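> sharing a model that was predicted from the sequence below.
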Amino acid sequence: MSAPAAAPRPSSPRSASPRSASPRSASPRLAGTGTLVRLALRRDRVLLPVWAVALALAVVGVASAFQSLYTTAADRAGVARSTNANASVRALYGPVFGDSTGSLVAWRMAVLGGVLAGIMSLVIVVRHTREEEETGRQELLSAAVVGRRAPLTAALLTALAANGLVAVLVAAGLARAGLPAGGSAALGLAVAGTGLCFAGVAAVTAQLTDTARAARSLAGATVGLAFLLRAAGDAASADASSPLVWVSPVGWAEQTRAFAGERWWVLLLPYAAAALATAAAHALAGRRDIGAGLLAGRPGAATAPRYLTGAAGLAWRLQRGTLLAWTAGYAVAGAVFGSLVDGVSDLVADNESTREIVERMGGHQGLADSFLAALTGLLGMVAALYAVGCVLRLRAEETSGRAEPVLAGATGRLRWAAGHLAFAGLGTAVVLLAGGLGMGLAYGVTAGDVGGRLPAVLGAALAQLPAAWVLASVAVLLFGVLPRGAVAAWGIAGGCLAIGWLGPTLRLPGWVMDLSPFGHLPKLPGAGVSAGPFVWLVGLAAVLTGVGVAGIRRRDVG
């Protein structure tokens, strides 16, 4: 009697091979790319439009403000002349290449817009590559008909779509505001090209590292290095001719010279660099396993130190690198900002409109003190991003599955969360202390009065702490009560930064400025001080933190 024929084995998602994908695929390694692009756009359906529209509105808003502030060619020429004569201001914004309104918009927003587009792009790419692998979702997706290069390609295409939207909105908005179409298109393409260049950098760092945090940090450090190279080059030359400007992707946006005899060929540099980085990332992706990075992590010590036996020690181990990096960066940034103060009088002495902007940002207590107040306010608003990141590390530990083994033992939820929240509170104070010391010392040295200037500047920097705590407490509230929406804390902190930095230039109404907790702080140094704003900001932060901690205790993990 013959044996029955063997039944065909049912196919499983893991047994499906990318090479058996649709024959219409250009390459089996790219199978499923379209589906992953749609998934990424679906997940980022709020983040991408909000970021792109906010960036475009900032550029168009600056154009509208400059049209009303500098109504004559003589006013605009005065701003260009005073800016180009001040190396410190050139380091911050770059030189002005013309005396038109469009030239002033490009001066103010080409560098800043490129940096913001770069940050947006690196967040997108790491989110849809290394973060997917770290959480284990990529392995599940790869079990289906998904090619080896599809996730990376989909992430880069998503970044391309986001930057394309930025370019269109910036160009259309500036043209609608009455600026020349050619310059509007050049500025939009320059900002988008810078974003795409750093998207390629993030794609490379996602292959090198084995964690999303490390990939973002490495890509973010590249953005910072590019800005510093551009700043050093512009400080050394009044016409942006320094080689340091030309080796920086941020400098390429400036060198496009929108509204000042556009150099269209310069746009080839960021797009070619993006293509080269994309090719390198695809080559590196084929040399590693899913979940692993090309740069292997260092093995730990044979025995752990005693401080790692508790939840606080674990938080220190996870947060210390970020704290040290922020502290060092703030010390350097504070020193750079402090060196700018002595030349602010020369910059705005002949322009009443610029003086009004500085005074709206920093108060009416003298030009130098107003400028210092504006700079310390900027330090505080950016430090709030550090505080929010410390809080949201809790969410990263939870979604990655690392928190559950910790909480399965004797460690309670409050002990686990307390270490990270301590970094959000005390770590922010350390960061602002470093920034205040750097700024106060640099200003004191240039003014020849370290003993008199340092305490005032240091106090002004630390006075930003309650407002930063409020934004950190918002992140705690979202994490405890609405964990899936905790990422919105980044948007809230970024919105407050935009209000504080661009609001005075755009002449936003008072109720909009008051939406930011920083709008309720006294303009130090120089302004009168009362305990009221500090007390209620600290109280608000305590209440929001308390509600968030209560939510952490009651909700399910994950």
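The structure has been received and is ready for your questions.

> residue 105 is in contact with residue 63, correct?
Yes: because the distance of 4.7 Å satisfies CB atoms under 8 Å, residue 63 is recorded as touching residue 105. Every residue, glycine included, has its C-beta placed from N, CA and C.

> what is in contact with these two at once?
Counting by CB atoms under 8 Å, 6 or more residues apart in numbering, the shared contacts of residue 63 and residue 105 are 174, 179.

> higher neighbour count, these two?
residue 105 (29 against 25; other CB atoms under 10 Å).

> how close does the more buried one get to residue 370?
To residue 370, residue 105 is 24 Å away according to CB to CB, to the nearest Å.

> equivalent analysis for residue 54, please.
Residue 54 is 27 Å from residue 370, by CB to CB.

> please enumerate the helices of the stretch 351-500 of the chain.
Counting by DSSP state H, counting those that start in this stretch, the stretch 351-500 of the chain has helices at residues 352-362, 367-399, 403-407, 413-422, 428-447, 450-462, 465-481, 488-506.

> now the shortest one: mean pLDDT?
Okay, so that is helix 403-407. If you average the pLDDT over helix 403-407, you get 83.

> how about the last one?
Averaging pLDDT along helix 488-506 gives 81.

> same check on the longest one?
For helix 367-399, mean pLDDT rounds to 86.

> centroid-nearest residue for the protein?
Residue closest to the mean C-alpha point of the chain, counted by CA atoms, centre = their mean, is residue 119 at 4.7 Å.

> what sits against that residue?
Contacts for residue 119 (CB under 8 Å, 6+ apart) come out as 198, 220, 223.

> so it is in which element?
Element membership of residue 119 [criterion: DSSP states H and E] is helix 101-127.

> next SSE after that helix?
Secondary structure here is assigned by DSSP H and E; on that basis, the next helix or strand after helix 101-127 toward the C-terminus is helix 130-135.

> how about that following helix: buried residues?
Along helix 130-135, the positions that meet the burial threshold by neighbour count (16 or more other CB atoms under 10 Å) are 130, 131, 132, 133, 134.

> what does stretch 292-307 give?
Judged by neighbour count (16+ other CB under 10 Å), stretch 292-307 contains these buried residues: residue 293.

> and if you look at stretch 254-267?
By neighbour count, with 16+ other CB under 10 Å as the criterion, the buried positions of stretch 254-267 are 254, 255, 256, 257, 258, 259, 260, 262, 266, 267.

> in helices, which of these appear?
Mapping these onto helices (DSSP state H) picks out 254, 255.

> before we move on, back to that, which one of the contacts of residue 119 sits closest to residue 543?
For the contacts of residue 119, the residue nearest residue 543 by CB to CB is residue 220; the value is 32.3 Å.

> and the closest one, what pLDDT?
pLDDT, the model's per-residue confidence, is 87 for residue 220.

> let's verify it: helix, strand, or coil?
Residue 220 carries the three-state label helix when classified by DSSP: H, G, I helix; E, B strand; the rest coil.

> residue ranges in the protein under the pLDDT threshold?
When residues are selected by pLDDT under 70, those of the chain lie in 1-27, 88, 297, 300, 342-367, 505-506, 558.

> residue 335: which of the helices of the stretch 351-500 of the chain is closest?
Residue 335 lies closest to helix 428-447 among the helices of the stretch 351-500 of the chain, at 4.1 Å (CB to CB).

> list the buried residues in that closest one.
Applying a neighbour-count criterion of 16+ other CB under 10 Å, the buried positions in helix 428-447 are 428-446.

> which helices and strands does it pack with?
In this structure, helix 428-447 makes packing contacts with helix 311-340, helix 367-399, helix 450-462, helix 465-481, judged by 3 or more CB pairs under 8 Å, 6 or more residues apart in numbering; DSSP states H and E.
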